[in-house]
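Undergrad: structure for this input, please:
(one chain, ligands or ions: 1)
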Amino acid sequence: MRPEIKRAQHTIPVGASSPLRACRNVGTDPLVVAEAHGQYLHDVDGTRYIDFMYGFGPLILGHAPEAVSTAIAQQAANGTLFGTYCTQEIELAERITATADHLEQLRFVCSGTEAVMSTLRLARAYTGRTRVLRFNGGYHGHFDLVQNKDEARMRDSGLDPAAMRSNVFAEYNDAESVERAFAESPGEIAAVVVEPIACNMSLVMPEEGFLADLRRICDREGAVLIFDEVITGFRLTYGPASNLLGVSPDLTAFGKIIGGGTPVGAFGGRRDIMRLLDEERVLQGGTLSGNPLTMAAGLATLDALAQPGFYEELERKGALLEAAVERHRAEKGLDFTFTRTGSIFAFIFVPQAAPVRVKADVAAQAQSPYTTMYAGLRTAGYHLAPDIEEPMYVSAETTDETLEDFAARAVALLATDPN
Ligand code: PLP
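TA: Numbering: from 1, shown residues only. Below you'll find the model as predicted:
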């Protein structure tokens, strides 16, 4: 173990400020990184790793993109926090709301957690109800209301049992389970919150009609439909993924990409719901929310994403990776599932013929193929997701050569695993 890891663990629980970074689920020591550029992370020994994590998703342009770094440096020289109105904040809010008609108003916060939390509070105020319906396998941040803990574990987890009990669970891709939940809690459900593309149980796409069913049920029941686009926002297209999926939510939570690698979240949607913040009926605020440093990083990032052909090029790279994985898999005669949309991808170790629709389908996979692949690729100089159910990302800096090499090595390693 590196001395820095021991040192970190002495002062910081698990050694890091977010638990997955400790790499416990892959049984490998975490990297201790000194700097990062383009597709590379450089550790404190100067060893170079090719990244497929990109900070859990925000770094769609790769590490330290020049335009974003310059914008941050210039803003830092002119003040990082004003505590009053600033044009950078207005500009970024206008640019984001311009991407979808249903984004009539928007506010910034400092994390995806806060963004989702704020949408839920708004939904409760708007409907006068308290319960929230969410999906097994979804992740919406670390606050009490959206945790998966069962009754037995509530007491020792520090979570508020009352908040937890207001959770209503349904299965992703199963509108019937949503209907049942509403039938069991008539007039009590304030909101349905969903990742429109599930990115926290590997990568699972919504089946045809599922999101439209949620829209229909929410309209009928008077509940607020919230899309958690913390990962998908600006990842697949310039704006929310709902633009590609053809269903409009009432409220949307953003995070990650819109902050250009600095702390960010945002939430927005229907003016008649967002208006409750204006009336000061619903409290929401933050010392650092909408700070000019983050806004400058976000604006520079959106400038790059708005370039013609940006998302087409990312799709080309994603398709290249998928084709390479499929080719090597066929050559080796292996049977596993590779899911991809645009620049998000995941390996799921279930046979290709098996359904991957709900959390249980993903949870059924064997762990050891991923651990084998993770360890082997680390030795070969790659940095992967530290958990089998986290998806990975291609960035604007990922080269074709990297994608070909990664696919070949990944499949060769999987062929060595007994599972
Ligand atoms: N929502 C989704 C879909 C996420 O993936 C995450 C974090 O990964 C969050 C919310 C929470 O965001 P943050 O970690 O910025 O609080």
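
Undergrad: use CA for all of it now, contacts and neighbours both
TA: Will do.

Undergrad: any idea how far the closest residue to residue 383 other than its chain neighbours lies from residue 199?
TA: The shortest distance from residue 383 to any residue other than its chain neighbours is 4.8 Å, reached at residue 51 (CA to CA, 6 or more residues apart in numbering). When CA to CA, to the nearest Å is applied, the distance between residue 51 and residue 199 equals 18 Å.

Undergrad: those two: which is more packed in?
TA: Under the criterion of other CA atoms under 10 Å, the comparison of residue 51 against residue 199 puts residue 51 first, with 28 against 24.

Undergrad: isn't that one up against residue 39?
TA: Yes. Judged on CA atoms under 8 Å, residue 51 makes contact with residue 39 at a distance of 5.7 Å.

Undergrad: tell me the SS of the residue lying farthest from the centre of the chain?
TA: Relative to the average C-alpha location in the chain, and by CA atoms, centre = their mean, no residue lies farther out than residue 331, which sits at 32.6 Å. Secondary structure of residue 331, reduced to three states by DSSP: H, G, I helix; E, B strand; the rest coil: helix.

Undergrad: all helices of the stretch 251-400 of the chain, in order?
TA: Ranges of helices within the stretch 251-400 of the chain are 271-278, 292-305, 310-332, 359-363, 368-379, 400-416, based on DSSP state H, counting those that start in this stretch.

Undergrad: what does the last one rub up against?
TA: In other words, helix 400-416. 317, 320-321, 324-325, 328-329, 332, 334, 369-370, 372-373, 376-377 (CA atoms under 8 Å, 6 or more residues apart in numbering).

Undergrad: scan those residues and report the most crowded one.
TA: Using other CA under 10 Å as the contact criterion, the top neighbour count among the contacts of helix 400-416 goes to residue 370, which has 26 neighbours.

Undergrad: the closest residue to the ligand within the stretch 301-419 of the chain: how many residues sit nearby?
TA: Proximity to the ligand, evaluated over the stretch 301-419 of the chain using CA to the nearest ligand atom, is greatest for residue 390 at 8.9 Å. By other CA under 10 Å, the residues close to residue 390 number 19.

Undergrad: what residues does this structure have near the ligand?
TA: Applying the criterion CA under 6 Å from any ligand atom, the portion of the chain that neighbours the ligand consists of 111-113, 139-141, 195, 228, 230-231, 255.

Undergrad: in strands, which of those appear?
TA: Members of the residues of the chain next to the ligand lying in strands (criterion: DSSP state E): 228, 255.

Undergrad: looking at the residues of the chain next to the ligand, which two lie furthest apart in space?
TA: When the residues of the chain next to the ligand are compared pair by pair using CA to CA, the two farthest from each other are 111 and 195, 15.9 Å apart.

Undergrad: tell me which of those two has more neighbours.
TA: residue 195 (28 against 22).

Undergrad: for residue 399, what are its contacts?
TA: By CA under 8 Å, 6+ apart, the contact list for residue 399 is empty.

Undergrad: how about the nearest residue to residue 342, chain neighbours excluded?
TA: residue 315 (4.7 Å).

Undergrad: confidence score at that neighbour?
TA: In this prediction, residue 315 carries a pLDDT score of 98.

Undergrad: which of the residues in stretch 237-244 are buried?
TA: By 16 or more other CA atoms under 10 Å, the buried positions in stretch 237-244 come out as 237-243.

Undergrad: and stretch 25-36, by the same measure?
TA: When neighbours are counted by 16+ other CA under 10 Å, the buried residues of stretch 25-36 are found to be 26, 30-31, 36.

Undergrad: care to break this structure down by domain?
TA: What the TED database lists as the domains of the chain is 3-64+308-415, 66-306.

Undergrad: residue contacts, the residue lying closest to residue 381 once chain neighbours are set aside?
TA: Closest residue to residue 381 apart from its sequence neighbours, by CA to CA, 6+ apart: residue 49 at 4.5 Å. The neighbours of residue 49, taking CA under 8 Å, 6+ apart as the test, are 40-43, 378, 381-383.
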